[in-house]
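A.B. asks: Sequence and predicted structure are below.
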Amino acid sequence: MEVPTFEEHDLFNKKKLAEDIIKVSNAKSEPIIYMLDGPWGSGKTYFINQFIKHCDSLKIPVIHFDAFKHDISRDAFASLVGCVAKYAEQSDPKNELKNQIIKAGSKVGLSLLRGGASTIISLASGGLITSQVMDGAGENLKNAVNSGIGSTLNSLTETALEEWINSQTENEVRIQDFRDILTKVVKKSIEHTDAQKAYFIIDELDRCRPNFSIEIIECIKHIFNIDNIDFIITTDKNHLENSLSHLYGQNINTTTYLEKFYDLRINFYRSSHSELNNAKKYIRHLCLQHLNSNANSIGYALELLNICANTIRLSFRDIKKIIIHLSILQHLPDPNYGVALFPLIFLRQIDNNLYLSAIRKEVSAQEIMHKCGLRKESTEYYNDLESSLHVLIFKTTREDNNLDQGNLDQLWLNRINIPLEEYCDRFIEIISP
């Protein structure tokens, strides 16, 4: 999906945040690492994509690394080097800088990670030979080289490996060489612009495996942190702290440890009040975008979602998925009847276990309504909604538990304008887990 510019669409007034980041960067000559902190699904990636477009309009270079896309890799450093190498192609058609950054990165990568040899092989082979392949290559790198990799890796002699491991001084020299070439890449990208710095954006870090997330930020701080480039890391700080605890144990002070890796933390949700206002703006925006404006469902969904947002913290991803489910139900014979399923659609998104219990008839309609934050005093639709939900789940009414199927079908038909069996079958077909 094409993300609009701030000028085309700025629902949450985030252009000012983008401008403030650029002002701070320009005011500070030293490199800055920003942490854009917000819960999963809060719109960080959407903002980052708009920020990149804003930088493009100002001719500010941006290197964009989607951490989640690279999460399958076992080598965080190799993934970062690959991203820089790909970026270097844009300003260097002859690929001289690209080749230099890969070569220097290969030398550094050899000693960085647990699978140091696999890092350099992955880089040297252009990703054709991954660390997963190397994990199964046995204990002897020489055997792997002799088995068909030799021409690509003949410079990796046993002596070179031993010298690398045993020489800390040489290690520092190679890291500095890598940083010098990285500086060339950045300066090349800004030399014909008015930009004072480039940005290196690390997005989706909170969706990655714990060890990969931590390796990324450690590489940034200790190796990639050079002049003329500022980093923006998007993540959920609480999630990152949990990753640290997972890796290093509960005794580590995760907050203090993380503070070493960033200079400025930006709270993407400044307060619960602004968070609620943004959620309601987003609800309205998506309802108008996805729901049929001629159907009563749009006002109904707006009211119910706003009520739920007052009591339950909804991420933007939660809101979007709920409204998309409602929009799908609009295409069934009666475009208004899908809203009667609102509590189950909502429940499936916020508590899948309770949703499954509802499908198994293990919880009451009232329990579902309360879980969704819906109370009698909160909406005039409460009684009708609860009754419809009860009929859907238990296929009976409270007034007459012995109601025969023919009368029940007629009751449902009068209420919803679609046969009960068809209603249930289509619902289960569309949103079954």
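C.D. replies: That came through, no problem.

A.B. asks: Can you tell me the closest non-neighbouring residue to Phe6?
C.D. replies: The shortest distance from Phe6 to any non-neighbouring residue, by CB to CB, 6 or more residues apart in numbering, is to Lys15 (3.9 Å). The C-beta positions use only the backbone N, C-alpha and C, and glycine is treated the same way.

A.B. asks: and what of Asp10?
C.D. replies: Gln50 (7.8 Å).

A.B. asks: Quickly note the distance from Ile33 to Lys44.
C.D. replies: 16 Å (CB to CB, to the nearest Å).

A.B. asks: Between those two, tell me which one has more neighbours.
C.D. replies: More crowded of Ile33 and Lys44, by other CB atoms under 10 Å: Lys44, with 24 against 21.

A.B. asks: can you dump the C-alpha coordinates of the host helix or strand of Lys16 into PDB?
C.D. replies: For Lys16, the host element (DSSP states H and E) is helix 15-27. Extracted C-alpha coordinates of helix 15-27, given in PDB (Å, rounded to 0.1, in the frame of the first residue of the first chain):
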ATOM      1  CA  LYS A  15       4.600  16.200  10.600                       C
ATOM      2  CA  LYS A  16       5.700  18.400  13.500                       C
ATOM      3  CA  LEU A  17       7.400  15.400  15.000                       C
ATOM      4  CA  ALA A  18       9.300  14.700  11.800                       C
ATOM      5  CA  GLU A  19      10.300  18.400  11.600                       C
ATOM      6  CA  ASP A  20      11.500  18.400  15.200                       C
ATOM      7  CA  ILE A  21      13.700  15.300  14.600                       C
ATOM      8  CA  ILE A  22      15.400  17.000  11.700                       C
ATOM      9  CA  LYS A  23      15.900  20.300  13.700                       C
ATOM     10  CA  VAL A  24      17.600  18.400  16.500                       C
ATOM     11  CA  SER A  25      19.800  16.500  14.100                       C
ATOM     12  CA  ASN A  26      20.900  19.700  12.300                       C
ATOM     13  CA  ALA A  27      21.600  21.400  15.700                       C
END
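
A.B. asks: Given the helix or strand following it, what are its sheet partners and their directions?
C.D. replies: From helix 15-27 onward toward the C-terminus, using DSSP H and E, the following helix or strand is strand 33-37. Counting by DSSP bridges, the strands paired with strand 33-37 are strand 229-235 (parallel), strand 264-267 (parallel).

A.B. asks: Please identify the most buried of these.
C.D. replies: The highest mean neighbour count among the strands paired with strand 33-37, using mean count of other CB atoms under 10 Å, belongs to strand 229-235: a mean of 25.

A.B. asks: for the stretch 101-250 of the chain, which spans come out with low pLDDT?
C.D. replies: Across the stretch 101-250 of the chain, the ranges flagged by pLDDT under 70 are 111-168.

A.B. asks: If we use 50, what do you get?
C.D. replies: 113-142, 144-146, 148-149, 151-153, 156-157, 164 (pLDDT under 50).

A.B. asks: Strands of that one, start to end?
C.D. replies: For the stretch 101-250 of the chain, the strands defined by DSSP state E, counting those that start in this stretch occupy 198-203, 229-235.

A.B. asks: Arg179 and Thr235: what is the separation?
C.D. replies: 24 Å.

A.B. asks: just Ala358 next, same as before
C.D. replies: 34 Å.

A.B. asks: and what of Asn228?
C.D. replies: The gap separating Asn228 from Thr235 is 24 Å, by CB to CB.

A.B. asks: And the host helix or strand of Ala301, what does it pack against?
C.D. replies: Assigned by DSSP H and E, Ala301 falls within helix 297-311. Under the contact criterion of 3 or more CB pairs under 8 Å, 6 or more residues apart in numbering; DSSP states H and E, helix 297-311 touches helix 272-290, helix 316-329, helix 342-350.

A.B. asks: dump the residue contacts of Ser245.
C.D. replies: By CB atoms under 8 Å, 6 or more residues apart in numbering, Ser245 lies in contact with 252, 254.

A.B. asks: and the gap between Ile48 and Gly373?
C.D. replies: Between Ile48 and Gly373 the computed distance is 31 Å (CB to CB).

A.B. asks: neighbour-wise, which of the two wins?
C.D. replies: Taking neighbours as other CB under 10 Å, Ile48 and Gly373 compare with Ile48 leading, 23 against 17.

A.B. asks: Excluding residues flanking it in the chain, which one is nearest that one?
C.D. replies: Closest residue to Ile48 apart from its sequence neighbours, by CB to CB, 6+ apart: Asp203 at 5.3 Å.

A.B. asks: Any idea how many residues pack against Val24?
C.D. replies: Using other CB under 10 Å, Val24 has 15 neighbouring residues.

A.B. asks: wouldn't Ala198 be in contact with His64 here?
C.D. replies: No. Counting by CB atoms under 8 Å, Ala198 does not reach His64; the two are 11.1 Å apart.

A.B. asks: what about the two, which has more around it?
C.D. replies: A side-by-side neighbour count of Ala198 and His64, using other CB under 10 Å, places Ala198 first with 22 against 16.

A.B. asks: beta partners for that one?
C.D. replies: Beta bridges link Ala198 to Ile229 when assigned by DSSP bridges.

A.B. asks: Tell me who's in contact with it.
C.D. replies: Contacts for Ala198 (CB under 8 Å, 6+ apart) come out as 60-63, 186, 189-190, 228-230.

A.B. asks: Ala76 now?
C.D. replies: Here Ala76 is in contact with 70, 113, 212, 215-216, 219 (CB under 8 Å, 6+ apart).

A.B. asks: Now with 7 Å, please.
C.D. replies: 212, 215-216, 219 (CB atoms under 7 Å, 6 or more residues apart in numbering).
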